[in-house]
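**Q** Return atomic coordinates for the entry below.
(chains A and B, ligands or ions: 1)
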Amino acid sequence: MYETTYHRPSSIDEAAAMFAKGSESKYLAGGHTLIPVMKQRLASPSDVIDLARIKDLVGIEPTSDGIVIKAATTHYDVAQSAIVKKAIPALAYLASLIGDPAVRHRGTIGGSIANNDPAADYPAALLALDATVKTNKRNIKAGDFFKGLFTTALDDGEIITGVSFPVTDKAGYAKFPHPASRFALTGVFVARSPGGEVRVAATGASQNGVMRVPAIETALKANWSASALDGVKISADGLMSDIHGASDYRANLIKVMAQRAVAAAG
Amino acid sequence: MGVEGIGASVVRKEDRRFTTGKGRYVDDIKLQGMTHAHFIRSPHAHAKVKGIDSSAAMKMPGVVGVLTGQQIVDDKVGNLICGWAITSKDGSPMKMGAWPAMAPETVRFVGQAVAVVIAETKNQAKDAAEAVVVTYEELPVVADIRSAIKPGAPQLHPEAPGNVIYDWAIGDESAVKDAFGKAANVVTLELTNNRLVPNAMEPRAAIAEYEEAEEHYTLYTTSQNPHVARLVLSAFYNIAPEHKLRVIAPDVGGGFGSKIYIYPEEMVALWASKKVGRPVKWTGDRTEAFLTDAHGRDHISKAEMAFDKDNKILGLRVKTHANLGAYMSLFSSSVPTYLYATLLSGQYNIPAIYAEVMTVYTNTTPVDAYRGAGRPEASYLVERLMETAARQLKVDPAELRRKNFITQFPHQTPVIMAYDIGDFGASLDASMKAIDYAGFPARKAKAKAEGKLRGIGVSCYIEACGIAPSKAVGSLGAGVGLWESAEIRVNPVGTIEVLTGSHSHGQGHETTFAQLISERLGVPISQVQIVHGDTDKVQFGMGTYGSRSLAVGGTAIIKAMEKVEAKAKKIAAHQLEASENDIVIENGEFKVTGTDKSIALPMVALAAYTAHNLPDGMEPGLKETAFYDPTNFTFPAGTYICEIEVDPATGKTSFVDFVAADDFGRLINPMIVEGQVHGGLAQGIGQALLEHAIYDANGQPITASFMDYTMPRADDLPSFKLSHTPTLCPGNPLGVKGCGEAGAIGSSAAVINAITDAIGHNKLEMPATPDRVWHAIHG
Ligand SMILES: Cc1cc2nc3c(=O)[nH]c(=O)nc-3n(C[C@H](O)[C@H](O)[C@H](O)COP(=O)(O)OP(=O)(O)OC[C@H]3O[C@@H](n4cnc5c(N)ncnc54)[C@H](O)[C@@H]3O)c2cc1C
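**A** Modelled structure (predicted):
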């Protein structure tokens, strides 16, 4: 690791001000992406600004039409939360599948979506649930937030403060873990809004990161059941292909995981 | 049997310090004035080193020195050696390319060191390493066996034309030809034995200290065999004379073979400690472990078996290509030859066997012995072949095996080995019963109704442990003898130290060996200390690998113990005014049989050391040494059966059941034995389902981290059902055989046999990842 200066701000504004001062600042949340990258000397931030201890960034709250999960809330807290389990149980379930206990006790929703790993779990939930990413400057719809591999709509220094999820009628997640990393080799989140709109997002599959799956959305809108997907063909074009899963295998997984997610959603 | 003697599952003595974080590993050691080394490694698989400019680095904070491969050559540090000479079919010696500890001219695999930076802190060494400019000229690459042997392939070493190291054969070619000529059926199979990374939990590390006044070196290192390390470092690498070099292997966190070898980093640390005049420490990180620890396996083979009309085996023909990587590691040459092809008879009566093995260089990490070393490759081949044969001949796989089992012992196979004892039918029966083999068809049908594919797979392995009669291995090309030594010191107050030349890096010797003493003397194991891993304490020893520590090292202990007892009995008899022949040892007491006269061990020991009243002419003291050279290998064997279920939608394999019936001879500590089996099974199943070290065509490793290389985890594995069907080894007084590798040797074939049974065809290679199994089902 290269030398760096660690800061522990107590408010969001203070954090943003510190960020602006550093020559090459980085926010730190759970550190489960940033610290390994720094240890490998692949990142060399001049200043590391710890968001995880800012009180306003931690916690889960019900809202009039859903819930808000603040950015520095850990995966463990989301998985355990009575509020999440009541409002969107599939989201708590998704959080319970991330990494291992050590990862879940440190890693945060804000860090996960800011990082936008193409195999991360949360992006599928945000996209399928039509969530809104709240920052210290604005609100960004999930569909506008994720911009391909490890890229988001965030401006330099912009802080994610939380994610707001609208209530759903039905939601389910199914993940086929990558054998080695246990990220999603392919994970599919299915959701149907109270108004009947169906959104389906797949992570781990596409070369461009999290994506919606229109063929499955159409089929499920017509008939919300696993068997409705029996005849659906998913193209392997544009899907990732590597030693753990060829693109045709991932295409198959999109369909199979969607079916399992629908079955789980009920 | 005492409560802590042979057969008692006592808790491991060493676990208190390991489970409380109090182990003392190399990296825990800090010496006064210690510097830190960081290696500069080639990012290319094959390149010429055109220049190394360290001028900027030398000016960086904390830098003590930058040393290069040319300096290693200039100082006449020896090239790395290979300790087993193999002769090709045509009588020519193996073709070995030079391997300097750091590359002066050419790098041949990604991760090969070209220079080392030594600095006050590790971080300063890393900073300075980034300022060293190495200029490379890339060369064409061969990354796998098939491209290595293609005509016109790029050459790695001028010494080895066509990248061929040797083309060796064993057995009787014409007898095999005759057998196939008579055959009613021939079964053919092509298979790959996937390359693995050992991944011991503790990465390699070394701390070297040179004391100028005494011209003496000390090397703390993660070694399975510190005496062998000292021998090689002095006799071949010319870094320090043997009597001026102390090698200490303290607590070592796993080896699996990978810590047998004396690697460039340990050599460089030792050499550099004198050059910079300060202690030098190097602790490898996980990436360095992936890149530089010797890998395992990596064979491609074609096998054919001939059967008569009654399904009795007539002959076996095997052609194997083995990848030894970019350089020949210390025992690399022996693994695909004498440790592999000599086990191709399996548990079966095979009248004729002929095996050809060609080894090749590729631009990949060197390959050497890894848990099982050659025997997993042999067992996988034979057991996949038997299963394939049963399917082709339309007979039950278990019964085909039983029909061909060796039942008379001793049995001389056509490939050197003389099996001393075994009861293969007993372990097959035990496993079939444990898994309810007879009930399988009904379970398969039920699973099918639920949309799942069930399979069952049998594997009847045999292996050879306790390497070895030194004379025999010497005649086959081994550069060392493979005996073991022990010294037993009964201290003046009756506590006992056992010094062994074997080395424990997870095996539990501190407990098992103490149990041997407890059994003999009836003293608690707390009174016994096992001393190992320090060349200044233990006279000499060959270390731990090949499941040899108990069969060879334990026997040396017993031999030393016999001498101690004989002397102690003489002293006791003298003290008790009785005849030596009437003395028996019970619960730590020396008793005169048929009387109530006795003397306790501490009093005997004290008498030996005060020497006030010893028999006439007896030397004082109570300390004895023994060397033991085995008369044969030992032959652990057993049957593993596993039942799996494949989800056809995802290709994911789940275990329904995994049963093991092993014959390890006498068990000293059954709990430790079962732990060894569990670990071995995890690695064998890991090979079958998960693990694979892969290089791309440019020789870049693409599985050099745990994010890509799938290590088996607890939830990948079933709860194993173990049982034991022992026959006592006649070759050593304990009747023991060895248990450290069996799990890794026997389990891979059971898993793949089960999956291929489930999917209904044989086109599947290890590791059977969900992606591969799904493609095998759906095309
Ligand atoms: C062994 C292991 C296994 C894992 N398995 C999984 C898995 O199965 N599924 C999965 O989805 N993930 C997995 N992860 C990722 C992990 O769960 C975290 O989500 C991820 O590491 C990022 O979250 P973090 O809080 O640790 O962020 P950090 O590492 O602290 O930060 C990541 C990036 O986000 C930025 N950042 C953090 N918070 C904010 C914010 N509030 N506003 C703006 N930018 C911010 C940082 O500057 C940094 O660039 C795994 C990680 C590890 C180490």
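**Q** Which single residue of the stretch 401-550 of chain B ends up nearest chain A?
**A** B:Gly451 (12.1 Å; C-beta to the nearest C-beta). Glycine gets a C-beta too; all of them are placed from N, C-alpha and C.
**Q** Neighbours of that residue, how many?
**A** 9 (other C-beta atoms under 10 Å in any protein chain shown).
**Q** That one contacts B:Pro648, correct?
**A** Yes: B:Gly451 is within contact range of B:Pro648, at 7.0 Å (criterion: C-beta atoms under 8 Å).
**Q** ok, residue 259 - contacts?
**A** Just so you know, I chose chain A. A:Ala174, A:Ala226, A:Ser227, A:Leu229 (C-beta atoms under 8 Å, 6 or more residues apart in numbering or on different chains).
**Q** To clarify, I was referring to chain B.
**A** Per C-beta under 8 Å, 6+ apart, neighbours of B:Lys259: B:Ala200, B:Arg204, B:Thr222, B:Ser223, B:Gln224, B:Val252, B:His505.
**Q** before we move on, what about B:Ala373?
**A** Shown in contact with B:Ala373 (C-beta under 8 Å, 6+ apart): B:Gly257, B:Gly296, B:Phe331, B:Val335, B:Leu339, B:Tyr545, B:Gly546, B:Glu741.
**Q** Try it again at 7 Å.
**A** Neighbouring residues of B:Ala373 by C-beta atoms under 7 Å, 6 or more residues apart in numbering or on different chains: B:Gly257, B:Val335, B:Leu339, B:Gly546.
**Q** Over to B:Met432?
**A** With the criterion set at C-beta under 7 Å, 6+ apart, B:Met432 makes contact with B:Ala398, B:Ile641.
**Q** Beyond the helix or strand containing it, next helix or strand please.
**A** B:Met432 is part of helix B:424-434, with elements assigned from DSSP states H and E. Where DSSP H and E defines the elements, the next helix or strand beyond helix B:424-434 is helix B:440-449.
**Q** How far off centre is that following helix?
**A** 39 Å (C-alpha atoms, centre = their mean, to the nearest Å).
**Q** Give the next helix or strand downstream of it.
**A** strand B:453-462.
**Q** In the sheet, which strands lie alongside that next one, parallel or antiparallel?
**A** Using DSSP bridges, strand B:453-462 pairs in its sheet with strand B:637-647 (antiparallel).
**Q** hey, C-alpha coordinates of the strand it pairs with in CSV?
**A** This file holds the C-alpha atoms of strand B:637-647, laid out as CSV (Å, rounded to 0.1, in the frame of the first residue of the first chain):
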residue,chain,number,x,y,z
ALA,B,637,-5.8,-48.8,-0.2
GLY,B,638,-9.5,-48.4,0.0
THR,B,639,-12.8,-47.7,-1.7
TYR,B,640,-14.5,-44.4,-2.0
ILE,B,641,-18.0,-44.2,-3.3
CYS,B,642,-19.9,-41.0,-3.9
GLU,B,643,-23.5,-40.3,-4.9
ILE,B,644,-24.3,-37.0,-6.5
GLU,B,645,-27.1,-35.2,-8.1
VAL,B,646,-26.8,-32.9,-11.0
ASP,B,647,-29.3,-30.1,-11.6
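**Q** average pLDDT across it?
**A** The pLDDT scores in strand B:637-647 average 98.
**Q** Report the buried residues of it.
**A** Across strand B:637-647, burial judged by 16 or more other C-beta atoms under 10 Å in any protein chain shown covers B:Ala637, B:Gly638, B:Thr639, B:Tyr640, B:Ile641, B:Cys642, B:Glu643, B:Ile644, B:Glu645, B:Val646, B:Asp647.
**Q** now the lowest-mean-pLDDT helix or strand in chain B, how far from the centre of its chain.
**A** Least confident helix or strand, chain B: helix B:470-475 with a mean of 92, by mean pLDDT, DSSP states H and E. Helix B:470-475 has its C-alpha centroid displaced from the chain centroid by 19 Å (C-alpha atoms, centre = their mean).
**Q** Show me what counts as buried in it.
**A** Result for helix B:470-475 [16+ other C-beta under 10 Å]: buried residues B:Ser470, B:Ala472, B:Val473.
**Q** Tell me the helix or strand right after it.
**A** Assigned by DSSP H and E, the successor of helix B:470-475 is strand B:484-490.
**Q** Tell me the neighbouring strands of that following strand, and mark each as parallel or antiparallel.
**A** strand B:496-500 (antiparallel), strand B:623-628 (antiparallel).
**Q** picking that back up, which of the buried residues of helix B:470-475 sits closest to the ligand?
**A** Minimum distance to the ligand across these is 44.0 Å, recorded for B:Val473 (C-beta to the nearest ligand atom).
**Q** In this structure that closest one contacts B:Gly479, no?
**A** No: using C-beta atoms under 7 Å, B:Val473 makes no contact with B:Gly479, being 9.3 Å away.
**Q** so which of the buried residues of helix B:470-475 are also by the ligand?
**A** Residues of these in contact with the ligand (C-beta under 6 Å from any ligand atom): none.
**Q** any weak-confidence spans in chain B?
**A** B:1-2 (pLDDT under 70).
**Q** max-length helix in it?
**A** helix B:555-576 (DSSP state H).
**Q** Show the subsequent helix or strand relative to that helix.
**A** strand B:583-586.
**Q** what are the pairing partners of the helix or strand following that following strand, and which direction each?
**A** Per DSSP H and E, strand B:583-586 leads on to strand B:589-592 as the next helix or strand towards the C-terminus. Strand B:589-592 sits in its sheet next to strand B:583-586 (antiparallel), strand B:598-600 (antiparallel), going by DSSP bridges.
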